[in-house]
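*Asks:* task: produce atomic coordinates for the following.
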Amino acid sequence: MLEIIDASVDFGPVRAVDDVSLDLPGGEVVAVLGPSGCGKSTLLRAVAGLEPLAAGQIRWDGADLAGVPTHRRGFALMFQDGQLFAHQSVGANVGYALRIRRRPRREITERVEELLGLVGLAGYADRAPATLSGGERQRVALARALAVEPRLLLLDEPLSALDAALRERLAGDLREILTSTGTTALFVTHDHDEAFAVADRIALMRAGRLVQAGTLAEVWEHPRDAEAAAFIGYATVLSGAAADLVLGAAGLPGGARVALRRSAVQVVREGPLRGRVLSSRLTPEATRLEVEVEGVGQVAAVLGDGVPPPGPGHQVRLRVRPERLAVIGDDS
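*Replies:* Numbering: from 1, shown residues only. Next up is the predicted model:
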């Protein structure tokens, strides 16, 4: 089990990580999610032993890792670009850590074949890294990181250099691989879709501090504040009278801020809210609209079943789907 206890990291006069505490039980994957510059990669590097702590502790199974060098922590790191050895074959890259530990040649060969099969690259051992796609190179980097069965796998934005479609597919594959191997992992990303696809739990960071941590459902259904809600993918956050109106339309009590998904408000034939369409566009998933709602303001909406698509300027009725909103908390 990894324990981060009141950890702080300074870069000169700048505090990059500020009093962060986080637990990671064995076999779990925790995603540290936050915007660029929030301190998440610095926290990862501190866990790896690459950055010294200004305060606090990092423990593994109760033992303080202060003074334990990176190569003796039993952790493996996988970075954004994979950092493969260009002059070595795929198999040699995957088996590198085993060779420097002087494992028998046959054991190395069997382990490399096993790992390449695990990441979907069976038969690639003799290929050169330069002949691989970006996604294939990241799979090789993952296989290399898993080769010595690390106590903890540290992943620093491993999918961010890939295009969106490939990133989505590899996120699902990464989740399956980590789960099937029982790997304990700390996964750093700025992409909320990646975090939700890969992790068991989410830790939100902002300006060096831990804002919120919990299971996927806890963070998604109960974001700590408006900024957290916006960052994890809610389209609109309302407060005051506008929030009360929306909550009332959803059959919920007022007095709280509310975060709306893009599909929380639906254009229907009869509904409790009135609005005027500002724009409309067809997507593969739904007809998406921007609507000026009376007493609420401009919100995203989708077209309900059996309703003809309205054009800009049309008056519409709307309903609110309670399962597609999150109540943030009391306005006070």
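*Asks:* for Val219, give me its contacts.
*Replies:* Taking Cβ atoms under 8 Å, 6 or more residues apart in numbering as the contact definition, Val219 lies against Ile202, Leu204, Gln212, Ala213, Ala228, Ile232. Where C-beta positions appear, they are placed from N, C-alpha and C, glycine not excepted.
*Asks:* phi, psi for the fourth one please.
*Replies:* It stands for Ala213. phi -140, psi 140 (degrees, to the nearest 10).
*Asks:* if we can go back for a sec, closest one to Val112 out of the contacts of Val219, please.
*Replies:* Ranked by distance to Val112 (Cβ to Cβ), those are led by Ile202 at 33.4 Å.
*Asks:* right, and the closest one touches Gly214 too?
*Replies:* Yes - the pair Ile202 and Gly214 passes the contact test of Cβ atoms under 8 Å, sitting 6.7 Å apart.
*Asks:* most surrounded residue in the contacts of Val219?
*Replies:* Neighbour counts for the contacts of Val219 (other Cβ atoms under 10 Å) peak at Leu204, which has 26 neighbours.
*Asks:* beta partners for it?
*Replies:* Leu33, Gln212 (DSSP bridges).
*Asks:* for it, give me its contacts.
*Replies:* Going by Cβ under 8 Å, 6+ apart, Leu204 touches Leu33, Gly34, Leu210, Val211, Gln212, Ala213, Val219, Arg224, Ala228, Phe231, Ile232.
*Asks:* now, which of those residues sits nearest Ile4?
*Replies:* Nearest to Ile4 among the contacts of Leu204, with distances taken as Cβ to Cβ, is Leu210, at 9.0 Å.
*Asks:* please name the nearest non-neighbouring residue to Thr215.
*Replies:* The shortest distance from Thr215 to any non-neighbouring residue, by Cβ to Cβ, 6 or more residues apart in numbering, is to Arg201 (5.5 Å).
*Asks:* who are the contact partners of that neighbour?
*Replies:* Glu28, Val29, Val30, Ala31, Ala213, Gly214, Thr215, Leu216.
*Asks:* at 10 Å instead, please
*Replies:* By Cβ atoms under 10 Å, 6 or more residues apart in numbering, the contact list for Arg201 reads 22-25, 28-31, 195, 213-216, 218-219.
*Asks:* again with Glu294
*Replies:* Glu294 sits next to Leu245, Leu273, Arg274, Gly275, Arg276, Gln315, Leu318 when contact means Cβ under 10 Å, 6+ apart.
*Asks:* common neighbours of Ile202 and Gly214, please.
*Replies:* Common neighbours of Ile202 and Gly214 (Cβ under 10 Å, 6+ apart) are Trp220.
*Asks:* and the residue lying closest to Leu50 once chain neighbours are set aside, how far is that from Met1?
*Replies:* Leaving aside its sequence neighbours, Leu50 sits nearest to Thr70 (Cβ to Cβ, 6+ apart; 6.0 Å). To Met1, Thr70 is 19 Å away according to Cβ to Cβ, to the nearest Å.
*Asks:* which residue would you name as the spatial centre of the protein?
*Replies:* Ala195 (1.8 Å; Cα atoms, centre = their mean).
*Asks:* which one is that residue nearest to, not counting chain neighbours?
*Replies:* Take Ala195 and drop its neighbours on the chain: the residue closest to it by Cβ to Cβ, 6+ apart is Ala31, 3.8 Å away.
*Asks:* my read: that neighbour touches Leu178, true?
*Replies:* No - Ala31 lies out of contact with Leu178 (Cβ atoms under 10 Å); the separation is 11.2 Å.
*Asks:* the two: which has the busier surroundings?
*Replies:* Comparing Ala31 with Leu178 by other Cβ under 10 Å, the one with more neighbours is Ala31, at 27 against 23.
*Asks:* do a quick rundown of the strands in the stretch 1-150 of the chain.
*Replies:* Per DSSP state E, counting those that start in this stretch, the stretch 1-150 of the chain carries strands over the ranges 2-11, 14-24, 29-33, 55-60, 63-64, 75-78.
*Asks:* as CSV, those strands with mean pLDDT and distance to Leu116 would be great.
*Replies:* Shown next, in CSV, are the strands of the stretch 1-150 of the chain (pLDDT from 0 to 100; distance: least, Cβ to Cβ, whole Å):
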stretch, mean pLDDT, distance to Leu116
strand 2-11, 96, 28
strand 14-24, 96, 28
strand 29-33, 96, 22
strand 55-60, 96, 29
strand 63-64, 96, 34
strand 75-78, 90, 16
